[in-house]
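1. return atomic coordinates for the entry below.
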Amino acid sequence: MHSIKLEDDNYCFACGRENPCGLKLSFTYAGGKLTSEFTPSKVHQGYRDITHGGIITTVLDEAMIQAAIAEGINPVTAEINIRFKRPLMADEETIVRAEITKRGAKLIEAYACLLKKEDGSIIAEAHAKLIQLK
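-> Got it, this is the predicted structure:
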């Protein structure tokens, strides 16, 4: 793997405060669990009023990365698997939850889910393998 220096310039599409096109997600971490709220708008759609799967994947991926960062890990995603359970409509409020499920010397495994805020039903779930960079 190439040597890469990971730097935060606040332009991350998912969490960067300076990115005018970004999602501007913010996270809370407590007791090994990370959470955030996300409400997509029409600009995040694929089909009419249905949030694009790539946006959902981005939210889940970022949550797992942020869970690792909260535990002092400096990671990048090596593999991610998403299971979409139901459509996410524009303007539907959600909660994303993430946690580290296994921590090795270099490989970290994580889980995240995106839940409908109204009733807690699962919209999508993700499992990922993250690689810790030095």
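2. can we go C-alpha only for contacts and neighbour counts from here?
-> OK.
3. count of neighbours near the closest residue to Leu60 other than its chain neighbours?
-> Nearest non-adjacent residue to Leu60, counting by C-alpha to C-alpha, 6 or more residues apart in numbering: Ala112, 5.8 Å away. Under the neighbour criterion other C-alpha atoms under 10 Å, Ala112 is assigned a count of 27.
4. in the helix or strand harbouring Ala112, which residues are buried?
-> Counting by DSSP states H and E, the element that carries Ala112 is strand 107-116. Using 16 or more other C-alpha atoms under 10 Å as the test for burial, strand 107-116 gives Ile108, Glu109, Ala110, Tyr111, Ala112, Cys113, Leu114, Leu115, Lys116.
5. show me what counts as buried in the one helix or strand Glu37 maps to.
-> Using DSSP H and E, Glu37 sits in strand 33-38. For strand 33-38, the neighbour count (16+ other C-alpha under 10 Å) marks Leu34, Thr35, Ser36, Glu37, Phe38 as buried.
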